[in-house]
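Student: What shape does this take:
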Amino acid sequence: MTVPEERERWSSSAPAAALPEPRPPAEDRAAWFSYTAAGDQIVWSAALSAMLGRVPAEKEMTRQVLARYVHRDDHATALGGITEAWTSRNTVRVTVRLMRADGGWFDVDCRLEPMMSPDGTVRGIRGTVRDVTARERARREVARLTRRGETVQASLVEPDPATGLLTRARFADELDRALRQAGGALLVIRTQLMVDEAEGVRPERNAELLQESARLLESQARPEYLLGRVGPNEVAVLLAGSSWPVARKQANLLIEMLRTETAGRVWGGLVRFAADAEAGSHDLLIDAEQAWRQSRETDVPVTLVARPVLLRDRQGSYRNRVADALGTDRFTLYSQPILELQTNRVTRHELLLRVLDEADGPQSPIHVLDTAERLDAVYDIDLWVVERAMRLAAEQSGVSLQINLSGRSVGDPRLTAEVERLLATYAVDPAQLTFEITETALIGNLSEARRFADRIRDLGCSLALDDFGSGYASFRYLRLFPVDIVKIDGEYVVDLVDNPQDQVLVRALVQVCQAYGIHTVAEFVQDEPTLRMLRELGVDYVQGYLIGRPTPVSPGRLRSS
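Tutor: Sure thing, here's the model as predicted:
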């Protein structure tokens, strides 16, 4: 017989159960419910209320109960089990997912027994509930790995938001077009405030200087010249079709104007190019950036490069810059938390590389990595990140880390040996590590990349595909590489709630990944409505400013929560 304290009826006086954090149900209490057709009444135990994390609303109909407490994908299973128990008058067992108050969910085995009236008719259903989340998670993981084994076989860029100018990628497209049509020159201008020793680095003031410089250049440059933001404090000017004397004169005038009209220090690098030159847009940008650095070192307004630098010299120069940055600690690591939607816990952290800029402090490394990849100088950077990730994993056992790798490094046979060596050196549990490959990266050696992927999974590490959906090869990579996690490109997430097309695409991506046995992560999650919709679409993990912003890596602080 049930004791009264064990039962909670639906009434306004029933206290609201509050669970600050997900926790397993108490093993010493029974979790049950009973439904009586007369009066459409449901009664359930305190243990079940605790599992759900909330008490049902007064006078809530049974149909509403189903919608609120049973996972939407399991409605048919729950209804089918109840109907079978009622009509067959036999005990029926079903496994369904129940929703907690915090939005997470858990798995239960439910034993459904018909309650009989004296006249032999069924008057209701009694259900006994047992939490089997651990078992079902393990079962799903086995099924996922099986699907993985079966499925893996042997636009224009938006304007830069800070300045309104062309982004580096868009500017590079225009520079390539100019290279095909006519000669000209490329000017890259670096602006930087004079650092006040008392104030130190003030990134927001440098941002204001960059915006002011962009406005002045737009007002003073000839209408036919194109402008783009190509670095943290860099503006590029494309002087297509200009002769070398005219280009030199224009460069001097623009830089002198900025030095006079702004409160910053200004340097420039001017590179001449001919039509159909061997050097491409990225090569010319690298040469112009190297030229303004020379201007800063020699304290002259503009450094002139009459012809593009030879490839071997450019590679050597950039490798020296990478080595110098590594040797002088100009690289640093940040981390961003990743939330698992089933448990509502942070179970992973993505490690993010930052470059310490002398004017603005930590900056995104996108331009540095892009250049390093093209000049085949990115391996040392990736190895630096991997080693520090190993140290961090060794210091904090149980913390799962996701490590970004360039496509070229993944295709480098040296990397596999280094990963094995570092795992042994730091005695790291391989299950803590997931290696991310950016989908849009240029994989230098596809077969070597596959060997790397197979080997790290043999070691016990996982593999993730970043920016999924941003390139033409997305689905091909799912078949070529034994990917465990796919990160949906944030471009399809930021406007998800208000964009039906993005909803269709994300739903399709999730369904494809589920069919292939792959977990999904949604990036750029910034608000609760987006989070709720991603839950409904079946996404496994989320990250973004709503979950947590990137922060400097500090020993002992990357704990699951």
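Student: Show the backbone phi and psi for Val494.
Tutor: In terms of degrees, to the nearest 10, the main-chain angles of Val494 are phi -60, psi -30.
Student: And the pLDDT for it?
Tutor: Note for Val494: predicted pLDDT of 93.
Student: Once you drop chain neighbours, what's closest to it?
Tutor: Closest residue to Val494 apart from its sequence neighbours, by C-beta to C-beta, 6 or more residues apart in numbering: Phe524 at 5.0 Å. Backbone N, C-alpha and C define where each C-beta goes, glycine included.
Student: so who does the one you found touch?
Tutor: Gly490, Glu491, Val493, Val494, Gly544 (C-beta atoms under 8 Å, 6 or more residues apart in numbering).
Student: where in the stretch 1-150 of the chain is pLDDT low?
Tutor: Within the stretch 1-150 of the chain, the ranges that satisfy pLDDT under 70 run 1-29, 56-63.
Student: Helices of that one, start to end?
Tutor: Under the criterion DSSP state H, counting those that start in this stretch, the stretch 1-150 of the chain contains helices at 46-52, 62-69, 75-88, 133-151.
Student: Would you tell me which one of these is buried the most?
Tutor: Across the helices of the stretch 1-150 of the chain, averaging neighbours per residue (mean count of other C-beta atoms under 10 Å) puts helix 46-52 on top, at a mean of 20.
Student: returning to that earlier point: check the contacts of Phe524 and tell me the two furthest apart.
Tutor: Glu491 and Gly544 (12.7 Å; C-beta to C-beta).
Student: For these two, work out which one has more neighbours and name it.
Tutor: Using other C-beta atoms under 10 Å as the criterion, Glu491 and Gly544 rank with Gly544 on top: 22 against 16.
Student: burial of the closest residue to the more buried one other than its chain neighbours, as a residue count?
Tutor: Excluding its sequence neighbours, the residue lying closest to Gly544 (C-beta to C-beta, 6+ apart) is Val525, at 3.4 Å. As a burial measure, Val525 scores 24 neighbours (other C-beta under 10 Å).
Student: Pop out the phi and psi values for the closest residue to Phe475 other than its chain neighbours.
Tutor: Computed as C-beta to C-beta, 6+ apart, the closest residue to Phe475 that is not its neighbour in sequence is Val512, at 7.2 Å. In terms of degrees, to the nearest 10, the main-chain angles of Val512 are phi -60, psi -50.
Student: Val512 and His71, how far apart?
Tutor: 21 Å (C-beta to C-beta, to the nearest Å).
Student: Please report how far the residue nearest to Phe475 lies from Glu491.
Tutor: Taking C-beta to C-beta, one finds Val512 at 17 Å from Glu491.
Student: How about Val271?
Tutor: Applying C-beta to C-beta, the value for Val271 to Glu491 is 32 Å.
Student: With Asp484 instead?
Tutor: Distance from Asp484 to Glu491, by C-beta to C-beta: 23 Å.
Student: ditto for Ile255
Tutor: Separation of Ile255 from Glu491 (C-beta to C-beta): 36 Å.
Student: One more: Ala50?
Tutor: Relative to Glu491, and taking C-beta to C-beta, Ala50 is found at 41 Å.
Student: Same question for Ser447.
Tutor: 30 Å.
Student: ok, now Leu239?
Tutor: 32 Å.
Student: Over to Leu187?
Tutor: In terms of C-beta to C-beta, Leu187 sits 31 Å off from Glu491.
Student: Then Val428?
Tutor: From Val428 to Glu491 the distance is 33 Å (C-beta to C-beta).
Student: now do Asp458
Tutor: 34 Å.
Student: my guess is Lys355 meets Thr371, correct?
Tutor: Let me fix one detail, which is that residue 355 is Val and not Lys. No - using C-beta atoms under 8 Å as the test, Val355 is too far from Thr371 to be in contact (11.5 Å).
Student: Can you tell me how far Ala515 is from Arg147?
Tutor: Counting by C-beta to C-beta, the gap from Ala515 to Arg147 is 7 Å.
Student: What about the closest residue to Leu227 other than its chain neighbours, how many residues nearby?
Tutor: Spatial nearest neighbour of Leu227, excluding adjacent residues (C-beta to C-beta, 6+ apart): Leu165 at 5.0 Å. Look at Leu165: counted by other C-beta under 10 Å, it has 22 neighbours.
Student: Quick check: phi and psi at Leu165.
Tutor: phi -80, psi 170.
Student: Let me know the pLDDT of it.
Tutor: At Leu165, pLDDT is 92.
Student: Name all residues that make contact with it.
Tutor: Pro159, Phe171, Ala214, Glu218, Leu227, Gly228, Arg229, Val235.
Student: In terms of helices and strands, where is the closest residue to the second one other than its chain neighbours?
Tutor: Computed as C-beta to C-beta, 6+ apart, the closest residue to Phe171 that is not its neighbour in sequence is Gly228, at 2.9 Å. With secondary structure defined by DSSP states H and E, Gly228 is part of strand 226-231.
Student: Please identify the pairing partners of the next helix or strand along the chain from that strand and their relative orientation?
Tutor: As assigned by DSSP H and E, the chain's next helix or strand after strand 226-231 is strand 234-240. In the sheet, strand 234-240 lines up against strand 184-193 (antiparallel), strand 226-231 (antiparallel) (DSSP bridges).
Student: For these, give me JSON lines that also has distance to Ala325 and mean pLDDT.
Tutor: Output for these, formatted as JSON lines (distance: least, C-beta to C-beta, whole Å; pLDDT from 0 to 100):
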{"stretch": "strand 184-193", "distance to Ala325": "17", "mean pLDDT": "92"}
{"stretch": "strand 226-231", "distance to Ala325": "15", "mean pLDDT": "92"}
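Student: Buried deepest among these, which one?
Tutor: strand 184-193 (a mean of 25).
Student: which element follows that one toward the C-terminus?
Tutor: That would be, after strand 184-193 and using DSSP H and E, helix 203-220.
Student: residues making contact with that next one?
Tutor: Contacts to helix 203-220, defined as C-beta under 8 Å, 6+ apart, come from residues 162-165, 189, 191-193, 227, 229, 232-233, 235, 237, 253-254, 257-258, 261-264, 266, 359-361.
Student: PyMOL command for the buried members of these?
Tutor: Remark: buried members of those, expressed as a PyMOL selection using 16 or more other C-beta atoms under 10 Å:
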select buried, resi 163+165+189+191+192+193+227+229+232+233+235+237+254+257+258+262+264+266+359+360+361
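Student: ok, back up a step: from the contacts of Phe524, which single one is nearest Arg535?
Tutor: Val493 (13.0 Å).
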